[in-house]
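Participant: Sequence first, predicted coordinates after that:
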Amino acid sequence: MPDRDPAWPRLRERLVRLRPGPKAGSVPEAVPAAVAEVAVVTDSAAALPADWVREFTVDGRLTVVPMPVMVGAEIYGEGEDDIGEKIAVALAGGKPVKTSRPSPGQFEHAYRAAAGRGFRSVVSLHISGELSGTADAARLAAGRVGIPVEVLDTRTVGMAQGMGVQSAIAAAARGTNAAGVKAAAQDRLDRTKVYFYVPSLEQLRRGGRIGAAASLWGTMFSIKPILAVDGGRVIPVEKVRSAARAIARLEEIVIADASARPAGQARLAVHHFGNRAEAEELAGRLALALPDCPPAQISSLPAVLAAHAGLGVLAVIVGESDV
């Protein structure tokens, strides 16, 4: 399955209708970005589909600030130099892989660029503040620019964060003000859940995302945990004895959650790192169990999340339609 959002064609059709046409005699490339007066900024932890991002970065209404990943002594940004492969090789070889927040200067540049394109305000949505200082960097930058900036700590990660960004873009295209765009994003975020399985807790422990005691307990007793992101933090959901049972239980939890959503409204995304075939098999089983739900978007975890989750992770985001 392609790395794209199945609901995207319908959303694109709506947004294209909202864009103003070029003035007579003007050059299309010179036309101001959009009817929207609010630009949206996020970070690469949002795991947004690449084709979706291209549609909105071209006119400046969306900016995705890359989050740095350090592999050994080298620093990379999302999308640079096959970073996913470099992380996988480093993790397999036991080499250190670390992450950091973007600098306030990167956000300042993004906000000033939005102002320069004629946007009147910015809504900036970021990875959970419990997992990264990214939102703090955005707030520092917001205080340095003349354009009003609303910073939203999404309290989540991955395509759960991405769904909030998509709702912000759609609300901005309707001409909604910054407060309304932020509220639309928050409403979508409130309706998303992140569930995931990792073969080992060690990488999460190294990154400080779980306690050392929890990691040791899982290692000693060969526990395969199912985890979730709740309140911005990684929390345990269940402890299972085998990888096969953990994946089966993850599937059961997702099906129960999606089935409880309003009819026809559930939306899924599946993330993986180094195990795409396994992710495709999981997505296929979910499609059979949830015939009223569009096929899940399948994508590799962003580098900044893969660095902490490690090889073999399977994550499922359960959300609801915004279209």
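Facilitator: In hand now; what should we look at? Numbers count the residues shown, from 1 in each chain.
Participant: pLDDT value on the residue most central in space within the chain, please?
Facilitator: Computing the C-alpha centroid of the chain and ranking residues by CA atoms, centre = their mean puts Ala46 first, at 2.0 Å. pLDDT for Ala46: 96.
Participant: Please apply the same query to Asp81.
Facilitator: We have a pLDDT of 60 for Asp81.
Participant: Where does pLDDT dip in this structure?
Facilitator: Applying pLDDT under 70 to the chain picks out residues 1-35, 79-81, 201-222, 323.
Participant: how's it carved up into domains?
Facilitator: Structural domains assigned to the chain are 8-65+99-189, 193-320, following automatic domain parsing.
Participant: Would you format those as CSV with distance to Gly93 included?
Facilitator: Placement of C-beta: from N, CA and C, glycine included. Below are the domains of the chain laid out as CSV (distance: least, CB to CB, whole Å):
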stretch, distance to Gly93
domain 8-65+99-189, 18
domain 193-320, 11
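Participant: you'd agree the residue nearest to the centre of the chain is up against Thr63?
Facilitator: No: checked against CB atoms under 8 Å, the pair Ala46 and Thr63 is beyond contact range at 11.4 Å.
Participant: Would you map the strands across the protein?
Facilitator: For the chain, strands defined by DSSP state E occupy the ranges 38-43, 62-65, 69-71, 74-76, 97-99, 121-126, 149-153, 193-197, 224-230, 233-240, 266-272, 297-300, 314-320.
Participant: list the buried ones in the fourth one?
Facilitator: What that stands for is strand 74-76. Tyr76 (16 or more other CB atoms under 10 Å).
Participant: what packs against it?
Facilitator: strand 69-71, helix 83-92 (3 or more CB pairs under 8 Å, 6 or more residues apart in numbering; DSSP states H and E).
Participant: Likewise for the longest one?
Facilitator: With contacts defined as 3+ CB pairs under 8 Å, 6+ apart, the packing partners of strand 233-240 are strand 224-230, helix 243-259.
Participant: what about stretch 57-71, start to end distance?
Facilitator: For stretch 57-71, the first-to-last residue distance is 28 Å (CA to CA, to the nearest Å).
Participant: Buried residues of that stretch, list them for me.
Facilitator: So for stretch 57-71, counting by 16+ other CB under 10 Å, buried means 59-69, 71.
Participant: Quick check: which of the helices and strands packed on strand 74-76 is buried the most?
Facilitator: strand 69-71 (a mean of 21; mean count of other CB atoms under 10 Å).
Participant: That one pairs with which strands?
Facilitator: Strand pairing for strand 69-71, determined by DSSP bridges: strand 74-76 (antiparallel), strand 97-99 (antiparallel).
Participant: export those to JSON lines and tack on distance to Ala315?
Facilitator: Output for the strands paired with strand 69-71, formatted as JSON lines (distance: least, CB to CB, whole Å):
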{"stretch": "strand 74-76", "distance to Ala315": "21"}
{"stretch": "strand 97-99", "distance to Ala315": "17"}
